[in-house]
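Q: Sequence and predicted structure below; questions after.
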Amino acid sequence: MKYKTKILHRSGGVDPFTGASSIPIYQASTFAQKDPINLGRYEYSRGANPTREVLENAIAELENGETGYAFASGMAAISSVFLLFKPGDHIVVSEDVYGGTYRILTTLFKQWQLKCSFVDSTDIDALKKAILPETKAVYVETPSNPILKITDLAAVAEMAKERGLLAITDNTFMTPYLQRPLDLGFDIVVHSATKFLGGHSDLIAGLAVCKTKELGHKLGFIQRAFGAILGPQDSWLVLRGIKTLSARMDTTQRSAETLANWLINQDGIKKVYYPTLPTHRGRDIHIKQASGGGAVLSFELESREKALEFMKRIKVPILAVSLGGVESILSYPATMSHAAMPEKERHKRGIKDSLVRLSVGLEDVEDLKEDISQALKNIL
Amino acid sequence: MFDKIYSETGIRFIYTDTSQLKNVKEAFSKEKIRALFLESPTNPVLKCADIKAISEIAKYSGAITIVDNTFLTPLLQKPLEMGAHITVYSATKYLSGHNDVLAGIVVTNDEKLAERIYFYQNAVGAVLSPFDSWLVIRGLKTLSLRLQKQQENARIIADFLRKHRRVKRVYYPEIGAIISFEIDDEKAVSEILKKVKVFLFAESLGGVESLITYPYIQTHADIPQEIRERLGINKRLLRLSIGIEDADDLIADLDRCLG
């Protein structure tokens, strides 16, 4: 089965009981039992809910993993994964990791004595150097947010295997349609399903997929015990979103690539970041491990003031936190995705105050160009 | 969760019977305690704690008191007014009341605690979705109607059980709508659970439908055997969550199953 067909047939398919063309929303907290000793498959919705389970199986299949888990948000998925570790353990983390991940590691988990080092994961030697005797895992994002730095997933997985570490990655920007880290040797993939998987900016959800059953059991225990689960209604919305994942990604990716190449030559744009641009660092590695550049690009204007003015003048994309929706979303990393990171740390990672991030939606790319042109002209 | 997840972070937990004030005093005299977490009435044997007195002891030692008020809801008990700092709820139960949503709620009247709780809510991201939030709000509108009727039914059923020859012990604190009872023979449990028609045999509580639960293998299965025994959670114990059906039908159902 080709991947596009798999996406459709695994994202719900048909209800086995009624033949309904969409999986029912089992809006139930509990399930009546027939036998007190041999309880049924479904007992209480925190443990398992039929609608959530279809989504969990779908993401596991799409990532080529063993078991999938759905959470109340991307951060609930990520926090639950970090609960796999013990106080005193150490994790090596990509330095330009998502601001929310940085925040939870440097506040709650720091308080719980889970240690971490932030390093430039595009440099395998730097990753290796950061490994301590108590290191238990390596956590990377590629392309990174927001300047889309590329980490070599196969090389990280190989290193992790050599050193006996768990390899974890946040695959939100690529989705399994474009990049499948478990196939490259990773152990756990996490997603903010709020973004491309949900795809309509109308829900908050997180997913995690484990490569082995053993790891899955551990994460499953945490999901049931901690209880940061996804509700049936939102599970259904994510499933609905996944059905159009390939169509949405194909279109938005094409537009993003067109825009990136066009932006390079526009006055007032200092630098453009997009994984498949000929000048993008790590481009070859990205092309080797993913089947496209995705739908997110970012670019620097000449100054902070000009970036602020640009965002005010833009009309077609909505100015908002988030990405991966059907509508284009323009964000300001300094006050949005990376607000949780101290200014000094942000600047060290190349996330300048003149940088804006664009998640390209399904609008006609000519309208986006025209809108960007008018905004640029007005601030020049 | 306390034992398997949080204790690994270096937080130590002591378990004590908070229905006896002397146990709480003793714990405070022995240890540096930062917080007290209690349920009143407890699940499933419905022991009640003196929240006001306990909160005072805790406050005196600089500890915070956290009360899980799921069983009574603010309609019947308001722990913050009794001096507790934080109230938590499984809103899955009485607050939403229809066995159709999973949700949790935390309430505090302390601004500093509120700030920290909000920080963690946002950072950890274990948030409630808008649809489920709306379902809980919809449920809240009928909370007083439901719970009053449930409590009324519960009192009638507790009386019935106390008089039944096969019932050895009834736990009911005369408030709320949860009743636990011990039958004379553990072998009858399976039969009862299979025979019930008006009661649903399912894990959970607080819904409009009456549920019967077997705590030993359902809600409390994760608790070690010796602790279960000590808490009175034995193989003869059944828990009822009384709904809003006609009490006569509930009694007839129990009477038929108990034989």
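A: That came through fine.
Q: Report the contact partners of B:I105.
A: The contact partners of B:I105, taken as C-beta atoms under 8 Å, 6 or more residues apart in numbering or on different chains, are B:V88, B:Y89, B:A91, B:L95, B:V136. C-betas here are computed from N, CA, C, even on glycine.
Q: What of B:E174?
A: Under the criterion of C-beta under 8 Å, 6+ apart, the contact partners of B:E174 comprise B:R155, B:A158.
Q: quick one on the thing from earlier: which of the contacts of B:I105 fall within strands?
A: Secondary-structure check on the contacts of B:I105 using DSSP state E: residues within strands are B:V88, B:Y89.
Q: Just put the contacts of B:I105 in CSV and tack on distance to A:T67 and pLDDT.
A: Below are the contacts of B:I105 laid out as CSV (distance: C-beta to C-beta, whole Å; pLDDT from 0 to 100):
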residue, distance to A:T67, pLDDT
B:V88, 30, 98
B:Y89, 30, 98
B:A91, 28, 97
B:L95, 32, 98
B:V136, 30, 97
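Q: Sort out which one of the contacts of B:I105 lies nearest chain A for me.
A: B:A91 (10.1 Å; C-beta to the nearest C-beta).
Q: start to end distance for stretch A:74-91?
A: By C-alpha to C-alpha, to the nearest Å, the extent of stretch A:74-91 from end to end equals 19 Å.
Q: same deal with stretch B:173-188?
A: End-to-end distance of stretch B:173-188: 25 Å, with C-alpha to C-alpha as the criterion.
Q: Buried residues, it. List them.
A: Applying a neighbour-count criterion of 16 or more other C-beta atoms under 10 Å in any protein chain shown, one finds B:P173, B:I175, B:G176, B:A177, B:I178, B:I179, B:S180, B:F181, B:E182, B:I183, B:A188 buried in stretch B:173-188.
Q: Neighbour count and distance to A:F310 for the contacts of B:I105 - can I get that in a markdown table?
A: Compiled in a markdown table, the contacts of B:I105 are given as follows (neighbours: other C-beta atoms under 10 Å in any protein chain shown; distance: C-beta to C-beta, whole Å):
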| residue | neighbour count | distance to A:F310 |
| --- | --- | --- |
| B:V88 | 18 | 45 |
| B:Y89 | 22 | 46 |
| B:A91 | 24 | 44 |
| B:L95 | 24 | 46 |
| B:V136 | 20 | 42 |
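Q: measure B:A114 to chain A for me?
A: If you measure B:A114 against chain A using C-beta to the nearest C-beta, to the nearest Å, the figure is 17 Å.
Q: Pretty sure that residue sits against B:V107.
A: No. With contact defined as C-beta atoms under 8 Å, B:A114 does not reach B:V107; the gap is 9.1 Å.
Q: Around chain A, which positions in chain B sit nearby?
A: Applying C-beta under 8 Å from any C-beta of the partner chain, one finds that chain B approaches chain A through B:1, B:4-5, B:8-10, B:92, B:99-102, B:104, B:119-120, B:123-129, B:131-132, B:135, B:189-190, B:193-194, B:200-204, B:207, B:211, B:214, B:217-218.
Q: If you rank every helix and strand of chain B by mean pLDDT, what lands last?
A: Evaluated with mean pLDDT, DSSP states H and E, the helix-and-strand set of chain B has its lowest mean pLDDT in helix B:225-230, which scores a mean of 84.
Q: Need the three-state assignment for the single nearest residue of the stretch 151-259 of chain B relative to chain A.
A: Of all residues in the stretch 151-259 of chain B, the one sitting closest to chain A is B:S204 (3.7 Å; C-beta to the nearest C-beta). Reducing the assignment at B:S204 to three states with DSSP: H, G, I helix; E, B strand; the rest coil gives coil.
Q: What is the burial count for the residue nearest to it when sequence neighbours are not counted?
A: Leaving aside its sequence neighbours, B:S204 sits nearest to A:T30 (C-beta to C-beta, 6 or more residues apart in numbering or on different chains; 3.7 Å). For A:T30, the count of nearby residues is 24 (other C-beta atoms under 10 Å in any protein chain shown).
Q: Show the pLDDT at A:T30.
A: Per-residue confidence (pLDDT) for A:T30: 92.
Q: bridging residues for it?
A: A:Y44 (DSSP bridges).
Q: Might you report the residue contacts of it?
A: A:T30 makes contact with A:E43, A:Y44, A:S45, B:N99, B:A202, B:E203, B:S204, B:G207, B:L211 under the criterion C-beta under 8 Å, 6+ apart.
Q: Pick the one among those residues closest to B:L46.
A: Closest to B:L46 out of the contacts of A:T30 is B:L211 (15.6 Å), distances taken as C-beta to C-beta.
Q: Tell me which residue of the stretch 251-380 of chain A lies closest to chain B.
A: Counting by C-beta to the nearest C-beta, the stretch 251-380 of chain A gets nearest to chain B through A:A340 (7.9 Å).
Q: which helices and strands sit right next to the longest helix along chain B?
A: In terms of residue count, the longest helix belonging to chain B (DSSP state H) is helix B:143-163. For helix B:143-163, the helices and strands in contact under the criterion 3 or more C-beta pairs under 8 Å, 6 or more residues apart in numbering or on different chains; DSSP states H and E are helix B:73-76, strand B:167-171, strand B:178-183, helix B:247-258.
Q: which one of those is the most hemmed in?
A: Mean neighbour counts were taken over those using mean count of other C-beta atoms under 10 Å in any protein chain shown, and the top value, a mean of 23, falls to strand B:178-183.
Q: can you list the residues that contact that one?
A: Under the criterion C-beta under 8 Å, 6+ apart, residues B:41, B:43-46, B:71, B:154, B:157-158, B:161, B:166-172, B:189, B:192, B:205, B:215, B:234, B:236-242, B:258 lie in contact with strand B:178-183.
Q: try 6 Å this time
A: With contacts defined as C-beta atoms under 6 Å, 6 or more residues apart in numbering or on different chains, strand B:178-183 is touched by B:44-45, B:71, B:154, B:158, B:161, B:166-172, B:236-237, B:239-241.
Q: Name the strands paired with it and say parallel or antiparallel.
A: By DSSP bridges, strand B:178-183 pairs with strand B:167-171 (antiparallel), strand B:237-241 (antiparallel).
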